[in-house]
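Asker: quick one, what's the 3D model for this:
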Amino acid sequence: MIENDNNLPVLANQQEPNQNQRKHPNECPEVEAIDILIKEKLSDSEENLEKLKRAYTDLEIRIRLDSHKDDIWQAILRIQSGKIILKAKQTCTYGTWEVFAITHFNLSTEERKIRQKVAKLKDIEKYYNLGWKRIKALAQAVDTHKFTDPIDKIFQNISYTLDLDKEDDFEMFTILVEAFIINEKLFKKKKINIQLEHIADAVEVGLKFDKKLLDKLYESKNPTVTLLNMIDFETPETKPRKQQIARCRELALLLENLTKLGKQAIDQRYPMKSIELYLLEDGAHYITELFKIKCKEEGLDWEK
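Answerer: This next block holds a predicted model:
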């Protein structure tokens, strides 16, 4: 993980946001004011609760007025809103919170709670540049799986190219986060060793990581192959898509084995008499074509 000029982290292999999009929390005067307010020790007096209500209302007006702006800006504002909501909850007398929240915070219960979850994430301010949609998905995954490790650990281990404007990029982000947490919370606990990309495939096709699945993988001599087979033979309604994913994973395993065997054959000078020339020619052709496709997906120039 590296940091850009604004000290906002950029994930591994991630492109920095466009200069016109990039924001820093310090650009918003409300952020500094709220940070000061959050640090204050407040009693449950009407005056203090009124101060929190005003801060929330001012932020909510800004959120709605700036709804046309990019998702990074919405992340900055909504995280601060979540901090105010949490502070109000801490300040309210025991038993009065729910009534206070419903009365004074003009949000759905779901939106209010997700902002609280986001605000609870330690150092979440470092990741404003992910945008609100991704931060919200991150908080939901962390909460669902009771993930208690620092969120920095997630970002140090997942790798993708960030594009705030692409919906499929958002989907990939949520899949990778979910896969990483599942690996940390479930697979490593049972000493099941499977590459993150395969776990991500299982998340994408909707496999349920219940006790039955975990026991089957734990008892398997080759849990990776077992998981790939389970991906391949899932529910009929998503079978075509799952078959494509499974075939790609199978291809990845074959290429991995080919690389190892090819290196071994070259290093030890195996005789090539038993291999037909056309197999090598066809293999070289299709591997080259696959390489071109992959480079295009990654935005790379394959000729370089």
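Asker: ranges for the helices of the stretch 201-304 of the chain?
Answerer: Applying DSSP state H, counting those that start in this stretch to the stretch 201-304 of the chain gives helices spanning 211-219, 223-232, 239-267, 277-297.
Asker: which ones are touching Ile287?
Answerer: Shown in contact with Ile287 (Cβ atoms under 8 Å, 6 or more residues apart in numbering): Leu255. All C-beta spots, glycine's among them, are computed from the backbone N, C-alpha and C.
Asker: for it, report the pLDDT, please.
Answerer: Predicted confidence (pLDDT) at Ile287: the value is 90.
Asker: same thing with Phe155?
Answerer: You'll see Phe155 listed with a pLDDT of 83.
Asker: for Gln243, same thing?
Answerer: 58.
Asker: Asn106 now?
Answerer: 83.
Asker: and the helices of the stretch 201-304 of the chain, which one's lowest on average pLDDT?
Answerer: Between these, the lowest average pLDDT goes to helix 239-267, which shows a mean of 76.
Asker: which residues in the chain form strands?
Answerer: Under the criterion DSSP state E, the chain carries strands at the ranges 2-3, 9-10.
Asker: confidence-wise, which of those strands is weakest overall?
Answerer: Mean pLDDT across the strands of the chain is lowest at strand 2-3; the value there is a mean of 39.
Asker: quick check, Arg114 in contact with Leu138.
Answerer: Just so we're on the same page, residue 114 is Ile rather than Arg. No. With contact defined as Cβ atoms under 8 Å, Ile114 and Leu138 do not form a contacting pair (10.6 Å).
Asker: look at those two and report which has more neighbours.
Answerer: A side-by-side neighbour count of Ile114 and Leu138, using other Cβ atoms under 10 Å, places Leu138 first with 25 against 21.
Asker: hmm, that one is touching Leu121, no?
Answerer: Yes. Counting by Cβ under 8 Å, a contact exists between Leu138 and Leu121, whose distance comes to 7.4 Å.
Asker: mind listing the shared neighbours of these two?
Answerer: Contact with both Leu138 and Leu121 is made by residues Ile151, according to Cβ under 8 Å, 6+ apart.
Asker: any idea how far Ile72 is from Leu121?
Answerer: Distance, Leu121 to Ile72, using Cβ to Cβ, to the nearest Å: 17 Å.
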